[in-house]
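# Fold the following.
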Amino acid sequence: MLAAPTGTAAAAAAPHTKVVRYHGYRLVVPVSWPVYDLAAEPAVCVRFNRHAVYLGQPSARQRCPAHAVGRTEAILVSPLAAHTAGAGGGASGPALPGAADRNAQPRGGSSTQLGVPADGITITATWHGDPARIARALGVHSLQSSNPRKPAVHTSGASPRAIHRAGDPVFTGLGFDACSTPSPSAMSAWGASPYRAVGIYIGGVNEACSQSNLSPTWVDEESAAGWSLLPIYVGLQAPKNGCGCAGIVPSQATTEGTSAADDAIAQAEANGLSPGNPIYDDMEAYTTGGTNTQAVLAFLSAWTTELHAHGYLSGVYSSENSGIRDLVAANGTGFVEPDELWIANWNGQANTNSSVVPSTEWANHQRLHQYQGGHNATYGGVTINIDSDYVDAGAASGGALFPNGSYVQVSGSPYFFEMAGGAPLFVNSWSDVGGAQPYTVITQQEFDTLNPVPADGTLIETDTGAVYLIAGGAPLYVSDLTQFGEPQPLLVDQWNIDNVGNPLSHLNPLPSDGTFLTTTTGLTYRVAGGAPLGVSNWTVFGGVKPSVTIDPWDVQNLFDPAAHMLYRPMVGTVVEGLPSGAYWEFGPKNRYLVAAEPGAVRVADHGLLPFSAIPCRVPGLGHKTLAQVKAALLKADCRLGKVHDRPLTRRRHTLRVTKQIPKARTQHVAFYTVGVTLG
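Predicted coordinates for the structure are as follows:
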């Protein structure tokens, strides 16, 4: 199987390289790389974060560390007939020799699979910073990366968000994760363990271990055996990371997050994990702040948005003091939060408590806690190196889902519902949905886990022929379906449109606050108090944010009830203008300045221009303290500008206004700056 670099082979290799042969195939690799014969050494872990050549089929008995991340230059050569899951499970590429050359080398952290039928082998090769070394080893000019995949193209509303399975309750209890998926026999032996959930690595540019056991059959069999599955995707890491992993390019973070989600979806589906299941991005510990935090949050926001768009739940695994802390800080700022948090804190406490995550956040069975790092555990005579977890969240499994157009009834209830974008819409009359339909009886608990409103982008149609697109839970009218590529809307009961806001309809009368909308003509808005406020530049929001593509008809016809939006925010709506930082409350006719209010919708100052504001009527500020000045200016719809004082005087008595600019009783535009001198 293995030819040592002697004789003719040695003469053909450079002094610092050696020739390795397997089934007649020839590799030229650095002389320092170890070569493992997997048939002779079945306990060797095939992992791609170390320089090595692996020959043969990865064994079901390989002993891997519980956790390993990152990629470097490494090669696995396996028999073609064997089922070989490579780094990320990519499909077989072009045959070698004679593989199609590519001019551009893929970026660090990629992999490829190559079939060589003439020699009866499959090659899995990974690289980080030196793809040229792998190309030389394989005897080709360049490589074609099979990971990340090209983002899949999906039509708007093609897949629902977070559909839940019948009979798939929240799992609460102990779980474990291992770098390489355990074999079926190992899983059977571990039936004697206290664990009933298992983390499985399904891919990613920084996935280190091979997955020779993972397959749709494995997923189905272990699900049937009662195991709850936790799919993990090891994508790009923080730009400055401690694992030497391929990192996010800050300027491309959003695009890279979307691509990672698309690849994760492809890997999940290839292993029988359908929409409705969670996928966890593994974001290893990093130094928070600055570019690192900004890039990670942009990446994860796009990751969550893309998973939601295609029916998957979003999860994030990270250290409590880096990724989890940043996610908590971003909550409520317009950042698209993941559905579930997997908190790494090796404190030995088998619960989901966290000093970093407030008890009111991710509180509805949305947490996992990795409470112990890598250690050996033995059950049924089988030893696996694992991380231990406590799970209180919806886990994954194989099995049927509630797809769009399926019908459910809660046990003991006379009501029927049709699934649309993961939410149940009321069926008032079977005739409105084409006649009586088969349905599934579910429990109230299962019903309560369904989406409260359909996923953004879901397209629905009534028997009147009217088509609507869901944005922020509200149905926005579609005047011309061709602008969305003519996807097929879901036929629903007209009753839901006529009764938006009714709990049975599961539709909002207006899009929820903070929803970003982009028309098919390219104009962008953010909803506040039911009204679309213009966004001229994404910069004020820290970069491009996920938005729902809608028909421009809705913005052009705000007085038409079918638009399900308002021409101005509802009375009492409070917004924070950006970049000014001014807080405004909308009254019946005008907007006026108010004190900072937590939870205010952050909107662009540009979007506020069409709405008149009460002018700044400069008050008299003489002899007022600075605190009194701030209160008086806020009440007068003015703002404080430069403040001049005298340091020597400041130490002797309370400073009061001696001069103001402009003078009292003058009128200016709202939020006008007033400067004062204190003495």
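# From start to finish, how long is stretch 219-228 in a straight line?
The first residue of stretch 219-228 is 10 Å away from its last residue (CA to CA, to the nearest Å).
# Pull out the buried positions in it.
219, 222, 223, 227, 228 (16 or more other CB atoms under 10 Å). For glycine as for every other residue, the C-beta is placed from the backbone atoms N, C-alpha and C.
# Likewise for stretch 306-321?
The neighbour-count check on stretch 306-321 (16+ other CB under 10 Å) flags 306-320 as buried.
# Out of the residues you listed, which one has the weakest pLDDT?
Across these, the smallest pLDDT goes to residue 311, namely 80.
# thought that residue was touching residue 276?
Yes - under the criterion of CB atoms under 8 Å, residue 311 makes contact with residue 276 at 6.1 Å.
# quick one on the thing from earlier: nearest to residue 281 among the buried residues of stretch 306-321?
Of all these, residue 281 sits closest to residue 316, with 5.3 Å by CB to CB.
# Quick check: bridge partners of that closest one?
Using DSSP bridges, the bridge partners assigned to residue 316 are residue 281, residue 341.
# re the thing from before, any chance of a markdown table for the buried residues of stretch 219-228, columns pLDDT, secondary structure and distance to residue 79?
As requested, the buried residues of stretch 219-228 are exported to a markdown table (pLDDT from 0 to 100; DSSP: H, G, I helix; E, B strand; the rest coil; distance: CB to CB, whole Å):
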| residue | pLDDT | secondary structure | distance to residue 79 |
| --- | --- | --- | --- |
| 219 | 87 | helix | 24 |
| 222 | 88 | helix | 25 |
| 223 | 84 | helix | 29 |
| 227 | 90 | coil | 29 |
| 228 | 90 | strand | 33 |
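# which one of those residues is nearest residue 676?
Closest to residue 676, out of all of these and judged by CB to CB, is residue 228, at 63.2 Å.
# show me the residues around that closest one that make contact.
171, 175, 196, 197, 198, 391, 395, 396, 397 (CB atoms under 8 Å, 6 or more residues apart in numbering).
# and the helix ranked longest in the chain, which residues are buried?
Secondary structure of the chain read by DSSP state H shows that its longest helix is helix 290-309. By neighbour count on 16+ other CB under 10 Å, the buried set for helix 290-309 is 292-309.
# just checking, what packs against that helix?
helix 253-270, strand 278-283, strand 313-319, helix 323-330 (3 or more CB pairs under 8 Å, 6 or more residues apart in numbering; DSSP states H and E).
# What is the last one packed up against?
To tie it back to what came earlier, the one meant is helix 323-330. Going by 3+ CB pairs under 8 Å, 6+ apart, helix 323-330 lies up against helix 290-309, strand 313-319, strand 340-344.
# Make CSV out of those and add distance to residue 466.
Listed next are the helices and strands packed on helix 323-330 as CSV, based on distance: least, CB to CB, whole Å:
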stretch, distance to residue 466
helix 290-309, 24
strand 313-319, 31
strand 340-344, 36
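# and the protein, what are its domains?
7-138, 171-393, 449-608, 616-678 (automatic domain parsing).
# which of the ones you listed has the lowest average pLDDT?
domain 7-138 (a mean of 73).
# Run the chain-centre distance for it.
Relative to its chain's centre, domain 7-138 lies at 31 Å (CA atoms, centre = their mean, to the nearest Å).
# before we move on, what about stretch 448-468?
22 Å.
# Starting from the longest strand along the chain, tell me which strands it pairs with and how they run.
In terms of residue count, the longest strand belonging to the chain (DSSP state E) is strand 366-379. Sheet partners assigned to strand 366-379 using DSSP bridges are listed as strand 340-344 (parallel), strand 382-393 (antiparallel).
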